[in-house]
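**Student:** Fold the following for me, if possible:
(chains A, B and C)
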Amino acid sequence: MIAKLQYQLKSQKVIVISSFILFGLFMITLFAPWLAPNDPIAVNLAHKLQQPSWDYPLGTDHLGRCTFSRLLYGARISLGFAMLIFISALSIGLIIGIVAGYKGGWVDQLLMRFGDGLMAIPSLLLVIGFVGIWGAGLKQVILGLILVQWVYYARVIRGMVLSLKEQNYITAAKISGSSTWTIMKKHIIPNVIPSLAVMGTLEMGWAIMNLSSMSFLGLGVQPPTPEWGAMILEGKSYIRTNPALMLYPGLMIMIVVVTFNLLGEALSERYGIKRR
Amino acid sequence: MESKERFILNVRDLHVEVRTKEGSFKLVEDINFGIKKGEILGLVGESGSGKTVTSMSILQLHDRKNIQMTGSITLHDRELNGLKNKDMRKIRGKDIAFIMQNPMNAFTPVFTIGHQFIETIQAHTSLNKKEARELAVNVMESVNLPEPEKLLKHYPFQLSGGMLQRVMIAMAACLKPSVIIADEPTTALDLHSQLLVLRLLEKIRVEHGTSILLISHDLGVISEMADHVIVMKHGKIVETANVLELFDNPQHEYTKKLLRTRPTLYSEKQPYTYTL
Amino acid sequence: MGTYVLKRIITIVPIFLIATLVTFGMINLSPVDPAEAYFATAHIQATDEMLEQKRHEFGLDQPLLIQYVNTIIKICQFDFGISYVTNKPVWDEISSRLPATIQLTIGSLLIAILVSVPLGFLAGIKKNSGMDHFSRFLSFIGASIPSFWLGYLFIFFFSVKLDLFPVEGTGTWKHLILPSVTLAFPLIALYTRLLRASVLENLQESYVLFARTRGFHEKMIMGKHVLRMAISPMITGLGMNIGNLLTGAIIVEAVFSWPGFGRYFIDAIFNRDVPVIQAYVLLAAGVFLISNLIVDLVQMYIDPRISRKGRQYQ
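**Tutor:** Residues are numbered from 1 along each chain as shown, chains lettered A, B, ... in the order given. Alright, predicted model coming up:
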């Protein structure tokens, strides 16, 4: 028993630490304009490719823009849009999951099969395909990512609705004796929320990874918007002289994704949920 | 005449403790029993009484890091407790054979029965594949298993539980062990298969003079097969007796309760809530 | 067993047809007008009559169904149309670049399997040992690190700093190493994790205990019985993950300037070169289906339960 407690404590520690880090990152997202020493898109060719200095804490890129400021604003893009994707995908998943679970029958089958079909295709390919049809750009990538993600949430919600339906019958038979709302509160929602939380954290990390991958390929964010993946694309030519241009953005991506993954894994261990 | 009195397998003062983070817990203590040549010793007890621990201890298959075992276990006067694994391996399967409760899970699903039978023979003899196969077929014929060659070509999942159990017993008897430990050999089977299995064990006992440690919670099986019986509860032996005496004249309270809770034709007279 | 194989092969056809339907639909949904795109890349200002004529040439004025059937017929002949950009047959462009991608992906797959099988297996058997912690760490990092960044890290350390390997291009095995390892990294992360979990599960099974009671050597139980049983889920995971191999290849090719098909595909997307995009999607679908088939066949060999479920003895 003590082993189990120790285990839980360890997960607890990880949850706390990673939440802390994420909180810090979200603060950066919010306060980037105040934290950044320079305008991230201000071009200043006279100062291009400089080493770190007081004016430019991490140096400048090939157009004289402050790397540090770009990193901070990049956090805005990555985290901000990750939240957007999460909320949108969750909302769509909520609607579809409720409809599928509640209606049942062929509606349910159709929606779930469609979802299965979507999941069968490798997600990045789907997003690239999306971009292929509707052109490159941040909007298209975001839409593509939402399109890929909603299925997971829909499944969880649908499961909740299905068990709720069953509970209805039991309540009608008056065996359990408690009202639908109580059952929902006590049994169903506590199971759904952790699942959604675990999914959410892992999916957000995944979304950030894909957003930066697409931007790296030139298919996502367009210049001059500061985004970590795009920064690597721009910085790769200077790998010999200014490796920092490539190193720092990638490091940021990794830190953020690692944090999300740690949090997601710790949550799934703490609440005993299987990951996707 | 003295050799007939000697115990083939002799367990004296067996104490088994497990070390956990919370301290040491006794699994079984003061276990004393012996089996003579050609004798069947029944071991009765419910789950958690220490039956499995006892049999695993005899085979020295305990977790040597966390489990502490004191006492003497001798086979043909040779001390097994503390024996090096290298030497113990020669004994397992050859001098002491084991029959598992659930034959469906005991065999490795991806290899044929024949493969595993031959594997067992080759682990303890220097026969080549052909000779081993012949031996297997002979043994199976001698225990009236139908079409042995064909049977050997099948995979475990293709055979019924009863058939698998009989093959397992044939495999156990094939190398002419001195002792067979049968752990709940009939529990997972239908009645007809149970009969066949018990008959088979009896045949082996008679023909080869094998000593059998028959573990079962089924008192019917015990009464049918055993010469002597020991009753275990909470890791201790609470009664040792000759089988006839046990059923006619149980001494210990626990034994009496066990005998009482057997379903009989007069079950209706027994109250439902009968706790042991 | 033969019927099972045959059935599996046949099911590929309808699925592939659905893929063609999807790409066909995709292209017709696309706001790109092939005629306009043609003239745009040729830098010709087209009049309405020229556009009409081009559309007629492309067969765009025919009913959709006929267009679809024509497309299918052409695909069977490996005719994927003409690239809007280069005006050369798409198939030529593809076949000249495909070998490089195949080289990269096969190399990575081999590396991934050669590393993850021993690593995952040993990690599972010696739970909580140093090897185990290392493998879990590796799995975690491998799943969290952006592969393009990893590629540049490798380039930075091994090419720029240490000058061990060339930075880009192809030719020798030295050129192949960094890209393959980069591509293999996330695969190793996944496969090791899968195998380790599978091994841990299998160690709890009765057959392991039964093997021990028969006096088998521990190494034999682990290496023969457990490995064979445990590797099944990992192979399934491998099949399901082929998609990531394809998309990863696109990124790795971009990082290392590897002249493969993935990079060409990205260019095609930029240029709205619809025939090439369609060809890529279909090829990807084909690869996906065939690799899943191969995985299924391997599974069948490893685990006889799959193909023989029907045949009971009595």
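**Student:** residue ranges with poor pLDDT in the chain?
**Tutor:** Since no chain was named, I'll use chain A. Across chain A, the stretches falling below the confidence threshold (pLDDT under 70) are A:1-9, A:167-188, A:272-276.
**Student:** look at chain C instead
**Tutor:** In chain C (pLDDT under 70), the answer is C:1, C:30-32, C:37, C:41-42, C:167-169, C:308-314.
**Student:** As a check, name the ranges of all helices in it.
**Tutor:** Counting by DSSP state H, chain C forms helices over residues C:2-29, C:34-41, C:48-58, C:64-76, C:90-125, C:130-144, C:147-154, C:173-203, C:206-213, C:218-220, C:227-240, C:242-256, C:261-270, C:274-302, given from the N-terminal end onward.
**Student:** Then chain A?
**Tutor:** Listed in chain order (using DSSP H), the helices of chain A are A:2-35, A:67-103, A:105-120, A:123-134, A:138-173, A:180-183, A:189-216, A:228-235, A:244-270.
**Student:** Of the helices of chain C, give the one that comes closest to B:His208.
**Tutor:** Across the helices of chain C, B:His208 has its closest neighbour in helix C:206-213 (18.9 Å, CB to CB). Using the backbone N, CA and C atoms, a C-beta is placed for each residue, glycine as well.
**Student:** Name the surrounding residues that touch that closest one.
**Tutor:** Contact with helix C:206-213 is made by B:59, B:61, B:92-93, B:97-98, B:100, B:102, B:105-109, C:202, C:218, C:221, C:225-226, C:229, as judged by CB atoms under 8 Å, 6 or more residues apart in numbering or on different chains.
**Student:** likewise stretch A:82-89?
**Tutor:** Applying CB under 8 Å, 6+ apart, the external contacts of stretch A:82-89 come out as A:142, A:145-146, A:149-150, A:152-153, A:200, A:203-205, A:207-208, A:211.
**Student:** most neighbours, which of the residues you listed?
**Tutor:** Using other CB atoms under 10 Å in any protein chain shown as the contact criterion, the top neighbour count among the contacts of stretch A:82-89 goes to A:Leu145, which has 30 neighbours.
**Student:** Enumerate every residue touching that one.
**Tutor:** By CB under 8 Å, 6+ apart, A:Leu145 lies in contact with A:85, A:89, A:127, A:207, A:210-211.
**Student:** Need the winner for burial among the helices of chain A.
**Tutor:** Between the helices of chain A, helix A:228-235 has the highest mean count of neighbours, a mean of 26, where neighbours are mean count of other CB atoms under 10 Å in any protein chain shown.
**Student:** if we can go back for a sec, output the contacts of stretch A:82-89 in CSV, with distance to C:Val287 appended to each entry.
**Tutor:** Converted to CSV, the contacts of stretch A:82-89 look like this (distance: CB to CB, whole Å):
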residue, distance to C:Val287
A:Ile142, 28
A:Leu145, 23
A:Ile146, 27
A:Gln149, 24
A:Trp150, 26
A:Tyr152, 25
A:Tyr153, 29
A:Gly200, 32
A:Glu203, 26
A:Met204, 30
A:Gly205, 27
A:Ala207, 26
A:Ile208, 28
A:Leu211, 26
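**Student:** Farthest-apart pair in those, please.
**Tutor:** Spanning the widest gap among the contacts of stretch A:82-89 are A:Tyr153 and A:Leu211, at 18.4 Å by CB to CB.
**Student:** Nearest spatial neighbour of C:Met50, chain-adjacent residues omitted?
**Tutor:** Closest residue to C:Met50 apart from its sequence neighbours, by CB to CB, 6 or more residues apart in numbering or on different chains: C:Phe39 at 7.1 Å.
**Student:** how many other residues sit next to the residue of chain C found nearest chain A?
**Tutor:** Distances between chain C and chain A by CB to the nearest CB are smallest at C:Gly243, namely 2.4 Å. Here the count is done by other CB under 10 Å, and C:Gly243 has 20 residues near it.
**Student:** Tell me how far it lies from chain B.
**Tutor:** Between C:Gly243 and chain B the distance is 28 Å, computed by CB to the nearest CB, to the nearest Å.
**Student:** For B:His234, give me the backbone phi and psi.
**Tutor:** The phi and psi torsions at B:His234 (degrees, to the nearest 10) take the values phi 50, psi 40.
**Student:** wouldn't it be in contact with B:Ser47 here?
**Tutor:** No. B:His234 is beyond contact range of B:Ser47, at 11.4 Å (criterion: CB atoms under 8 Å).
**Student:** So which of these two has more stuff around it?
**Tutor:** Each of B:His234 and B:Ser47 has its neighbours counted (other CB under 10 Å); B:His234 has more, 15 against 7.
**Student:** does the closest residue in space to the more buried one that isn't next to it in sequence count as helix, strand or coil?
**Tutor:** Ranked by CB to CB, 6+ apart and with sequence neighbours excluded, the top spatial neighbour of B:His234 is B:Ser49, at 6.5 Å. The three-state assignment at B:Ser49 reads coil, by DSSP: H, G, I helix; E, B strand; the rest coil.
**Student:** C:Thr192 is in contact with C:Ala123, correct?
**Tutor:** Yes. Under the criterion of CB under 8 Å, C:Ala123 lies in contact with C:Thr192, with a separation of 6.8 Å.
**Student:** Give me the common contacts of the two.
**Tutor:** Taking CB under 8 Å, 6+ apart as the contact criterion, the common neighbours of C:Ala123 and C:Thr192 are C:Ser135.
**Student:** so which of the contacts of stretch A:82-89 comes closest to chain C?
**Tutor:** Distance from chain C was checked for each of these by CB to the nearest CB. The minimum falls on A:Gly205, at 7.3 Å.
**Student:** my guess is the closest one meets A:Phe260, correct?
**Tutor:** Yes. Counting by CB under 8 Å, A:Gly205 sits close enough to A:Phe260 to count as a contact (3.1 Å).
**Student:** Would you map the strands across the stretch 51-200 of chain B?
**Tutor:** Ranges of strands in the stretch 51-200 of chain B, per DSSP state E, counting those that start in this stretch, are B:67-75, B:78-79, B:96-99, B:179-183.
**Student:** Put the alpha carbons of the longest one into PDB.
**Tutor:** As requested, the backbone C-alpha atoms of strand B:67-75 are provided in PDB (Å, rounded to 0.1, in the frame of the first residue of the first chain):
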ATOM      1  CA  ILE B  67      10.900 -14.400   0.100                       C
ATOM      2  CA  GLN B  68      12.600 -16.100   3.000                       C
ATOM      3  CA  MET B  69      12.200 -19.800   3.400                       C
ATOM      4  CA  THR B  70      13.300 -21.900   6.400                       C
ATOM      5  CA  GLY B  71      12.800 -25.500   7.000                       C
ATOM      6  CA  SER B  72      13.700 -28.700   5.200                       C
ATOM      7  CA  ILE B  73      12.300 -30.100   2.000                       C
ATOM      8  CA  THR B  74      13.900 -33.300   1.000                       C
ATOM      9  CA  LEU B  75      13.400 -35.500  -2.000                       C
END
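**Student:** Could you check how far B:Leu189 is from chain A?
**Tutor:** 34 Å.
**Student:** mind listing what that residue touches?
**Tutor:** Each residue near B:Leu189 by CB under 8 Å, 6+ apart is listed here: B:161-162, B:165, B:197.
**Student:** Out of those residues, grab the one that's most surrounded.
**Tutor:** Across the contacts of B:Leu189, neighbour numbers were computed from other CB under 10 Å; B:Gln165 holds the maximum, 28 neighbours.
**Student:** ok, and the closest non-adjacent residue to that residue?
**Tutor:** B:Pro103 is the one closest to B:Gln165 (CB to CB, 6+ apart), at 4.3 Å.
**Student:** any common contacting residues for B:His234 and B:Ser47?
**Tutor:** Both B:His234 and B:Ser47 lack any common contact, where contact means CB under 8 Å, 6+ apart.
**Student:** which residues does C:Ala279 contact?
**Tutor:** Under the contact definition (CB under 8 Å, 6+ apart), the residues listed for C:Ala279 are C:80-81, C:90-91, C:94.
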